[in-house]
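Novice: Okay, predicted coordinates and the sequence, questions at the end:
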Amino acid sequence: MSSKVTNWILTLCVVGFIALLSNLIGYNTSMLKGLPGILVLMLIALVGLILSNVIPLNIPSIAYIGIIGLIITIPGFPGSTYIVHWTEKVDLMSLATPVVAYAGVSIGNSWADFAKLGWKTIIVGMVVLISTYIGSAVVAEIILRIQGLV
């Protein structure tokens, strides 16, 4: 368990640094202003990962991370106003950048494994991406028409 936690901490540090840099470049938020929010998000992720390995239920770590984030930002929870204030300084897209980059590197490190999945996986992936795009466009169109903006 100790080596897993060390690996998670190192990965979260790299992702946190890239997110801070992305937040600076893309959204002109200084690294010092974004640092408390990134640290809080890293801590939430780490606790969620640890809980998913310690608790003997078959619940994914993302569920623990989401529940922890929800609970600690409830108004009235001790320190929730600080946590919300700090995490507001971190833009969502600056968090997505390192995650997508990490996924790309992961696939790039195992092209042989990716190739074993076959051409059907590529087609399924493309269908999923295209369907998601079209579905999002349809929902946006409906909402904009309901609001009378289109």
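Specialist: It's in.
Novice: pLDDT averaged over stretch 131-147, what's the number?
Specialist: Stretch 131-147 carries an average pLDDT of 88.
Novice: And stretch 83-102, by the same measure?
Specialist: Average pLDDT, stretch 83-102: 82.
Novice: Give the buried residues for it.
Specialist: 83, 86, 87, 89, 90, 91, 94, 95, 97, 98 (16 or more other CB atoms under 10 Å). Any C-beta I mention is one placed from the backbone N, CA and C, and that applies to glycine too.
Novice: gap between residue 119 and residue 63?
Specialist: When distances are taken as CB to CB, to the nearest Å, residue 119 and residue 63 turn out to be 33 Å apart.
Novice: hmm, which helix or strand of the protein has the shakiest average pLDDT?
Specialist: Evaluated with mean pLDDT, DSSP states H and E, the helix-and-strand set of the chain has its lowest mean pLDDT in helix 111-116, which scores a mean of 65.
Novice: next SSE after it?
Specialist: Helices and strands here follow DSSP states H and E; after helix 111-116, the next one along the chain is helix 119-147.
Novice: next one: stretch 68-84 to chain centre, how far?
Specialist: For stretch 68-84, the gap between its own C-alpha mean and the chain's C-alpha mean amounts to 19 Å (CA atoms, centre = their mean, to the nearest Å).
Novice: what does stretch 140-150 give?
Specialist: Between the mean C-alpha point of stretch 140-150 and the mean C-alpha point of its chain there is a distance of 29 Å (CA atoms, centre = their mean).
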